[in-house]
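Peer 1: Turn this into a structure:
(2 chains)
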There are 2 protein chains.
Amino acid sequence: MSRVESDGCRETGLRLDPKWDAAGLVTAVVSDAVSGELLMVAHMNADALAATLATGEAHFWSRSRGELWHKGATSGHVQRIVEMRIDCDQDALWLKVEPAGPACHTGERSCFFRAVTSDGLVRG
Amino acid sequence: MSRVESDGCRETGLRLDPKWDAAGLVTAVVSDAVSGELLMVAHMNADALAATLATGEAHFWSRSRGELWHKGATSGHVQRIVEMRIDCDQDALWLKVEPAGPACHTGERSCFFRAVTSDGLVRG
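Peer 2: All right, here's what the predicted structure looks like:
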């Protein structure tokens, strides 16, 4: 494979070329940039990705509401982007953020507030 | 809401009740239990989740191959589960693992080996 071909390759190249699914979405995984804790998993469409890049604050596509979702627009709990990374096949984004408040609508800092054990779920 | 009702609720209760999508899958986010680095994003069906819980090693559902995928079965790069957590609506799992080798099929330690910038992707 020539260098030019390699550069154009979604898996190894340096061109942002998200692999949108049938609904026009990629997975967005959000973690706390300082603690490393996984905060939430959401989805982005092209508009959400563009808005995130333009503003430096996390935007998603709300599948339940069918609309662009500026995280924290209502609650004030915005997520400032420290770094954004993309995976090999460009169908998942990793957002390292500085959160201004809880990520979860339940009020928990992280949506992953329960551990899975062979006996069920455990809080904390 | 009574305590009993609360205990049975998918969002706040302690019963493992994954919210499988139309394809019978949930998202599985895998991070390194020590470094916190996000390694990969994959999917699990009920069989993959059961096999993961039973063996303590990560199993996924390969959407491309349409089969149960014991990560590392061929390469030796198994991922030992240190802890598994689930999110509020139970459609995403977080696996903290001890990886025996690179997570990515490209040979990179993590699938997220490129950063997204307004000028494109940057390695490292």
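Peer 1: May I have the distance across stretch A:73-89, first residue to last?
Peer 2: Stretch A:73-89 has an end-to-end distance of 31 Å (CA to CA, to the nearest Å).
Peer 1: State the mean pLDDT of that stretch.
Peer 2: If you average the pLDDT over stretch A:73-89, you get 97.
Peer 1: Quick one: check whichever strand or helix holds A:Ala115 for contact with chain B.
Peer 2: Using DSSP states H and E, A:Ala115 sits in strand A:114-117. Yes: Strand A:114-117 lies within reach of chain B by CB under 8 Å from any CB of the partner chain, at A:Arg114, A:Ala115, A:Val116. For the C-beta atoms, the positions are set from N, CA and C on the backbone; glycine is no exception.
Peer 1: Could I get the full set of helices for chain A?
Peer 2: Assigned by DSSP state H, chain A shows helices spanning A:3-8, A:46-55.
Peer 1: comparing these, which gets the lowest mean pLDDT score?
Peer 2: Among the helices of chain A, helix A:3-8 carries the lowest mean pLDDT (a mean of 51).
Peer 1: so what's A:Phe29 up against?
Peer 2: Not Phe; residue A:29 is Val. Contact partners of A:Val29, counting by CB atoms under 8 Å, 6 or more residues apart in numbering or on different chains, are A:Leu38, A:Val41, A:Ala92, A:Leu93, A:Trp94, A:Leu95, B:Val29, B:Leu38, B:Val41.
Peer 1: Surely the first one touches A:Phe112?
Peer 2: Think A:Leu38. Yes: at 5.4 Å, A:Leu38 and A:Phe112 qualify as touching, with contact defined as CB atoms under 8 Å.
Peer 1: and for those two, which residues touch both?
Peer 2: B:Arg85, B:Trp94.
Peer 1: Tell me which residue in chain A sits closest to chain B.
Peer 2: A:Gly36 (3.0 Å; CB to the nearest CB).
Peer 1: Which pLDDT value belongs to the residue nearest to that residue when sequence neighbours are not counted?
Peer 2: Leaving aside its sequence neighbours, A:Gly36 sits nearest to B:Gly36 (CB to CB, 6 or more residues apart in numbering or on different chains; 3.0 Å). pLDDT, B:Gly36: 95.
Peer 1: cool, and A:Ser2?
Peer 2: 40.
Peer 1: before we move on, what about A:Thr12?
Peer 2: pLDDT, A:Thr12: 88.
Peer 1: isn't it right next to B:Thr106, touching?
Peer 2: Yes: taking CB under 8 Å as the definition, A:Thr12 is a contact partner of B:Thr106 at 6.8 Å.
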